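S.K.: Provided below for reference: sequence and predicted model.
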Amino acid sequence: MNINWNKNKISDELKSLFDRFDPTDREKLRNRIVTALIIVLLVFFIFNLLRFNHKTDTDEKTLKTNMTTVKNSEQVSIRKTQAAIDRLNYKDETAGKNVHPVKKNYSRLFNRSAVIGDSLVEGLTVYGYLSKSEVYSKVGASVKSTKNLFIDAAKNYPKFVILAYGMNEMGNFNGNAAAFTKVYMDDIRAFKKISPDTKVCVTSISAPTDKAMSKNKSLRGYRKFNKAIKAMCKKNKLCFIDITDILINRPDLYAEDGIHAKPAYYPLWLNRVIEEAGIK
């Protein structure tokens, strides 16, 4: 079907339609039409600019990557987010303070070792000192509920295993250090049953700040628990590593909660473990 367009007729009809509005409305309508046309032209111009601009493609990819990063960061805990920020801002605060000469080779030294413990141990991977294949940790970990970590680590038959429990246990065992070491030894025996040739080293509990102990009274028992850990190691011929003094001597390395530690604490902890355990 052919349609014959009469330009004059269309023009007359549009003019007739336009004349129905009063002068003020006609002016508003005209302005709206002009604005709409300008917007259409701008959209068309920007579309073509983006289409043929190769650099913009890269920017779009970067933008998508950044958006993904932000989205993922929303899903992590506040503690881990803060840890990531600390790591980005980290400067070697241990410079000039008898730092072990193989600081950058901790993963190489520990490639035949396993470290098992709570959130303090988790900092070793969070701050990049050791890999996840060398560290078996869990936030809020307790010897009551993490025997699976001992079993998993034992199945890799490490030459050394470093155990770091106790901070949470003072509350979990209601200050009963003897009950804590009994369960601790049960987990150690389960480990040794699978990997009997592994050298077992047990660290002491790091000292909380006075402020932290005033907020959480159970933390005041750390000295009693450390004595129990040391006695357990002596009785069962285990390697005992006392790391209690590190934060006492370096209070600047405490995290804000007075329990956890800043990134620069970990080289000092690792150096002490390497020396006392005889890791080479």
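M.R.: Received, thanks.

S.K.: break this structure into its domains for me.
M.R.: Per the record, the chain has its domains at 7-73, 78-277, by automatic domain parsing.

S.K.: if you average the pLDDT over the first one, what comes out?
M.R.: I take that to be domain 7-73. Mean pLDDT, domain 7-73: 57.

S.K.: now the longest one
M.R.: Averaging pLDDT along domain 78-277 gives 88.

S.K.: spell out the residue ranges of the helices in the stretch 151-280 of the chain.
M.R.: In the stretch 151-280 of the chain, helices defined by DSSP state H, counting those that start in this stretch lie at 169-172, 177-194, 210-215, 222-235, 245-249, 265-277, listed in chain order.

S.K.: could you dump the second one to CSV, C-alpha only?
M.R.: Coordinates of each C-alpha in helix 177-194 appear next as CSV, following Å, rounded to 0.1, in the frame of the first residue of the first chain:
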residue,chain,number,x,y,z
ALA,A,177,44.1,-24.0,83.1
ALA,A,178,44.3,-27.7,83.9
ALA,A,179,41.2,-28.5,82.0
PHE,A,180,42.5,-26.5,79.0
THR,A,181,45.9,-28.3,78.9
LYS,A,182,44.1,-31.7,79.2
VAL,A,183,42.1,-31.0,76.0
TYR,A,184,45.1,-29.4,74.4
MET,A,185,47.2,-32.6,74.9
ASP,A,186,44.3,-34.8,73.6
ASP,A,187,44.5,-32.8,70.3
ILE,A,188,48.3,-33.0,70.2
ARG,A,189,48.1,-36.8,70.7
ALA,A,190,45.6,-37.0,67.8
PHE,A,191,48.1,-35.1,65.7
LYS,A,192,51.1,-37.3,66.7
LYS,A,193,49.1,-40.5,66.1
ILE,A,194,49.0,-39.5,62.4
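
S.K.: nearest to residue 201, out of the helices of the stretch 151-280 of the chain?
M.R.: Residue 201 lies closest, by C-beta to C-beta, to one member of the helices of the stretch 151-280 of the chain: helix 265-277, at 4.6 Å. All C-beta spots, glycine's among them, are computed from the backbone N, C-alpha and C.
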